[in-house]
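Asker: Need coordinates for the below:
(4 chains)
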There are 2 protein chains.
Amino acid sequence: MDSADLRIFEAVARLGGMNRAAAELNTVQSNVTARIRLLEERLGAPLFDRHSRGVELTAAGRRLLPYATRVGRLLAEARRAVEDNGVPKGPLDIGSLETTAAVRLPPVLAAYAARYPEVDLVLNTGTSAEMIERVLARKLEAAFVCGPVDHPELVQEPVFEEELVLVTAPSIRRLDALPRGDDLKIVVLRAGCSYRQKLEDILARRGIVGLRRLEFGTIDGIIGCVMAGLGVTLLPLSVVESASRAGKLAYHPLPANEGRVETAFVRRRDAFVSTALAAFLDCARAGQVATADAAD
Amino acid sequence: MDSADLRIFEAVARLGGMNRAAAELNTVQSNVTARIRLLEERLGAPLFDRHSRGVELTAAGRRLLPYATRVGRLLAEARRAVEDNGVPKGPLDIGSLETTAAVRLPPVLAAYAARYPEVDLVLNTGTSAEMIERVLARKLEAAFVCGPVDHPELVQEPVFEEELVLVTAPSIRRLDALPRGDDLKIVVLRAGCSYRQKLEDILARRGIVGLRRLEFGTIDGIIGCVMAGLGVTLLPLSVVESASRAGKLAYHPLPANEGRVETAFVRRRDAFVSTALAAFLDCARAGQVATADAAD
DNA sequence: TGAAGCCATCGTCTTTAATGATGGCCTGAG
DNA sequence: CTCAGGCCATCATTAAAGACGATGGCTTCA
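Answerer: All right, here's what the predicted structure looks like:
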């Protein structure tokens, strides 16, 4: 048994047929057939049931399939490991919460891009759940998400700490003064946003329930909307601090148990840590230190 | 790059030379040389530095090596997974503490051996540290050790709970009555035994320190020695209960925080769980239930 | 009933790998 | 100093493995 055998096997299993696998593998059907037959012979067990519509995995085939994919992944990773000679370069796909991307990452990204011009960094934003899913699916090397994350396949490292505040129009001095009923909407980034549920919980604990929602695609949209008195939102203090100083917004601190959230950098436990990623993490840590220093 | 390439690469790296690798792989040196050269060409990086005494890994080679071994292991595991058709059979290497082997395992082993005659079970005894090391080195599929175990590479499952007691000659009714000084020895299974440190700690907390040690290779040896009044030892209650009833020994219960230890069944997180092992774990759990029932 | 899609088989051909002999290089013993 | 014994590189040759294309049998669906 050989990795090449497993590659063919995997394609046949995934595509459900030898013809289709042959097409994908840029070879002919007879070759696929022969190699599968040989593999079955060597393993001493049939891997597929043949029928007229194609083939189907047998029990033995189902046991083999996960190994075929794992071996394939490992070989690809090995190649990357050999090519990664310690100088960050190549593609680097990172995920992030939109707020983190807006508040924390600009200096990090700027420093990183300047220092490692050979890296093609792609930043991908979305909710924590989306980002975690993509990291697990190996679509992203790592992501900034709302921590703490407890998943056996992931390792996390806390990198930023945010203080979330309620944000309202500047005329609202105290939360009591919030208008009730249809006049007030909660404004969130979009469905599934990590902060949405949190905001609803926070308001609910203060007896404010059943609010309408307004969804935006950008943080600027949200801020504009809140400035205009259309609603209330929940954002990191650092996002709204300057707008607040300018008198355009008011923010309302929350107790630590509600307002403190940490942002964690998560990645698959078993995935290769490229030099590009390691360097990025260094930059992110440096950004964190700088922030902490500034706060002192 | 292919698993066959990696197999050759791994042998060359491990043996430090192409001639030696060729001998191990049952082929000729020129073949090894050619394939390594081809592999280097395809990867675009030299993997070995050649010199007159043999070869040495380059940085790129060092990055590749762990993948070579992992791919090799994965293929071997894949073969086993295909062959394992759900009927427990083949070799099964288990580790255990000696006390667990003596007290808990006999019924489990008997039931297992009777039920699955096709399994070649090998029981390996030693200290927790030894067993854990061997599980990590993949020399054992799993082991019974003194829990709880916290290691990222291992998964554990508590299976037995032991009550450890101090064991003395029958004439010793209370611990106060223990003779001090050279008259008393602590009797342990052997250096490195998990219970040794525990016993010393327990005695130290009662002001008994600096005792001589006496080491034995078997539990029977220890018991005989304690019966004869030569020393004190620490053993699971279940080991000494019958001897105590017969008036040959006295045992002295310990508070729960000192005397309760759990025995955990540990295995590598990433290792294949053979049907034989799964069935064994079932038997062990059944034994645990039986014990618990009997205790009620 | 016939076209379309599927897999199995076979002989041929190409590519790849293995072999054994040779040569150059270095090292350490005599 | 020299020579034997280890090492790796190279090359022509041979053996094996894999890929190919054509064919045929089977089932399904129109």
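
Asker: Around DNA strand C, which positions in the stretch 1-150 of chain A sit nearby?
Answerer: Counting by CB under 7 Å from any atom of the strand, the residues of the stretch 1-150 of chain A close to DNA strand C are A:17-20, A:29-30, A:33-34, A:36-37, A:50, A:52-55. To be clear about C-beta, it is placed using only N, CA and C from the backbone, and glycine gets the same treatment.

Asker: and the residue lying closest to A:L281 once chain neighbours are set aside, what are its bridge partners?
Answerer: Excluding the flanking residues, the one nearest A:L281 by CB to CB, 6 or more residues apart in numbering or on different chains is A:F265, at 6.4 Å. A:F265 has these beta-bridge partners by DSSP bridges: A:F144, A:E157.

Asker: What about A:F265, how many residues nearby?
Answerer: 26 (other CB atoms under 10 Å in any protein chain shown).

Asker: got the contact list for it?
Answerer: Contacts for A:F265 (CB atoms under 8 Å, 6 or more residues apart in numbering or on different chains) come out as A:A142, A:A143, A:F144, A:Q156, A:E157, A:P158, A:V159, A:L281, A:A284.

Asker: pLDDT at it, what is it?
Answerer: You'll see A:F265 listed with a pLDDT of 96.

Asker: and it, how far is that from A:P148?
Answerer: Look at A:F265 and A:P148: by CB to CB, to the nearest Å, they are 12 Å apart.

Asker: Strands along the stretch 1-150 of chain A, start to end?
Answerer: A:48-51, A:54-57, A:90-96, A:119-125, A:142-146 (DSSP state E, counting those that start in this stretch).

Asker: Please name the bridge partners of A:I94.
Answerer: According to DSSP bridges, beta-bridge pairing links A:I94 with A:L123, A:A142.

Asker: which SSE is A:L166 in?
Answerer: Assigning secondary structure by DSSP states H and E places A:L166 in strand A:154-168.

Asker: could you point out which element follows that strand?
Answerer: Next element after strand A:154-168 (DSSP H and E): strand A:185-188.

Asker: what's the next helix or strand after that following strand in contact with?
Answerer: Counting by DSSP H and E, the next helix or strand C-terminal to strand A:185-188 is helix A:194-205. Outside helix A:194-205, the residues within contact range by CB under 8 Å, 6+ apart are A:97, A:99, A:127-129, A:145-146, A:164, A:166, A:186, A:188-189, A:209, A:211, A:213, A:232-235, A:254, A:258, A:261.

Asker: all helices in the stretch 1-150 of chain A, in order from the N-terminus.
Answerer: A:3-15, A:18-24, A:29-43, A:59-83, A:98-103, A:105-115, A:128-136 (DSSP state H, counting those that start in this stretch).

Asker: how about a markdown table for these, with distance to DNA strand D and mean pLDDT added?
Answerer: Formatted as a markdown table, the helices of the stretch 1-150 of chain A follow (distance: least, CB to the nearest atom of the strand, whole Å; pLDDT from 0 to 100):
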| stretch | distance to DNA strand D | mean pLDDT |
| --- | --- | --- |
| helix A:3-15 | 7 | 96 |
| helix A:18-24 | 7 | 93 |
| helix A:29-43 | 3 | 94 |
| helix A:59-83 | 15 | 96 |
| helix A:98-103 | 45 | 87 |
| helix A:105-115 | 37 | 93 |
| helix A:128-136 | 33 | 94 |
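
Asker: Now that we have these, can you turn them into TSV and tack on distance to chain B?
Answerer: Formatted as TSV, those follow (distance: least, CB to the nearest CB, whole Å):
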stretch	distance to chain B
helix A:3-15	4
helix A:18-24	19
helix A:29-43	5
helix A:59-83	3
helix A:98-103	27
helix A:105-115	22
helix A:128-136	17
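
Asker: which one of those helices lies closest to A:V226?
Answerer: Of all the helices of the stretch 1-150 of chain A, it is helix A:98-103 that lies closest to A:V226, at 14.1 Å by CB to CB.

Asker: okay, that closest one in CSV with CA atoms only?
Answerer: The C-alpha trace of helix A:98-103 is given here as CSV (Å, rounded to 0.1, in the frame of the first residue of the first chain):
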residue,chain,number,x,y,z
GLU,A,98,-15.1,42.3,12.4
THR,A,99,-14.6,44.4,15.5
THR,A,100,-11.2,43.0,16.1
ALA,A,101,-10.3,43.6,12.5
ALA,A,102,-11.4,47.2,12.9
VAL,A,103,-9.8,48.0,16.2
